[in-house]
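>>> This is the structure alone, sequence omitted:
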């Protein structure tokens, strides 16, 4: 009990002085509602996702603002946005909720059953591929565990979107997050039959100047896509290429290739599942893409996250050996 009291005192608002009102500790439910409204920018959408009446969501936000003595959200007819105070408050909410979850399992056996909720972000292609197909097997081992999966190729704001962890493919660029490597995805070069009939088959790196590349930019800050390959010495070579079309997700990336708009570089098994793609430049293989699990630095990851990471790493290792994702 002393541990719980000590932890909750870290988030008490307006610590009481002699003769003043007691300090205010927001409820976990109010904090979860606030995080979801902030992420979605909508009371209505937050209520739908949380499966709560809209009035309950509105009342929770009003209660927070009244007790805190600060406006957290700016309401307009089109959108709900964070105020400066709301942004500062939001950054404190996620660590607090994580701490409460950790306290809830403080006296459980370390090898006991998993329960609670795990919120995971992952790339669209991974969420729509065999990793998702194998998820029932994982959940069958842990029947009390519930998962929420957010799938997008862009970099997610974990705090705003209320995620516990994200799986990202490619170099890690966010140093504010802790990283656990999960493995790597072997890639290949592909084009469509229509593209090859129109432009010919590239036979080597010297041919790339007369070909087109589908430009893949999932994040607004990304630079133009480059054709990457390993040379005979194992060095990574990056070649600028012309592009006719830019896309921001993996589904559109493969669709643009099938439409004959250029070459793409994708996981080998993604291409195997996508009809109408033909392998090209087998002597110029792209470097494998690292796969990492990212989570906030602020605490030791809960056991359910560690167990999920172990499972995902084993799945990726198994599929990499068979080029299946």
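That came through, no problem. Keep in mind it's a predicted model, so treat the numbers as computed, not measured.

>>> the helices in this structure, which residues?
For the chain, the helices defined by DSSP state H cover 2-9, 28-40, 43-50, 54-68, 84-104, 124-127, 130-133, 135-141, 158-161, 193-199, 250-258, 268-273, 303-322.

>>> Could you break this protein into its assigned domains?
2-104, 116-185+290-322, 187-287 (automatic domain parsing).

>>> Go through these and find the least confident stretch.
With a mean of 76, domain 2-104 has the lowest mean pLDDT of the domains of the chain.

>>> which residue is nearest the middle of this structure?
residue 121 (3.0 Å; C-alpha atoms, centre = their mean).

>>> Could you give the bridge partners of the spatially closest residue to that one that is not a sequence neighbour?
Distances taken as C-beta to C-beta, 6 or more residues apart in numbering put residue 166 closest to residue 121, at 3.7 Å, once the chain neighbours are dropped. All C-beta atoms are positioned from the backbone trio N, CA, C, and that covers glycine. Beta-bridge partners for residue 166, by DSSP bridges, are residue 121, residue 294.

>>> Residue 166: neighbour count?
When neighbours are counted by other C-beta atoms under 10 Å, residue 166 registers 23.

>>> contacting residues for it?
With contact taken as C-beta atoms under 8 Å, 6 or more residues apart in numbering, residue 166 is in contact with 120, 121, 122, 156, 158, 293, 294, 295.

>>> Apply 10 Å and report the result again.
If a contact means C-beta atoms under 10 Å, 6 or more residues apart in numbering, then residue 166 has 119-123, 150, 152, 155-158, 174, 177, 292-295 as its contacts.

>>> what does residue 310 give?
180, 182.

>>> just checking, residue 248 touches residue 153?
Yes - Residue 248 is in contact with residue 153 according to C-beta atoms under 10 Å; the separation is 6.8 Å.

>>> now the residue nearest to residue 121: how far from residue 243?
Distance, residue 166 to residue 243, by C-beta to C-beta, to the nearest Å: 27 Å.

>>> Please apply the same query to residue 44.
Residue 44 is 39 Å from residue 243, where distance means C-beta to C-beta.

>>> Neighbour count: the two, which is higher?
Taking other C-beta under 10 Å, residue 44 and residue 243 do not tie; residue 243 has more neighbours (19 against 13).

>>> May I have the phi/psi pair for that one?
Backbone geometry at residue 243, expressed as degrees, to the nearest 10, gives phi -140, psi 140.

>>> same deal with residue 53?
With angles defined as degrees, to the nearest 10, residue 53 sits at phi -60, psi 150.

>>> isn't it right up against residue 59?
Yes - between residue 53 and residue 59 there is a contact under C-beta under 10 Å: 9.2 Å.

>>> The two: which is more packed in?
Taking other C-beta under 10 Å, residue 53 and residue 59 do not tie; residue 59 has more neighbours (13 against 10).
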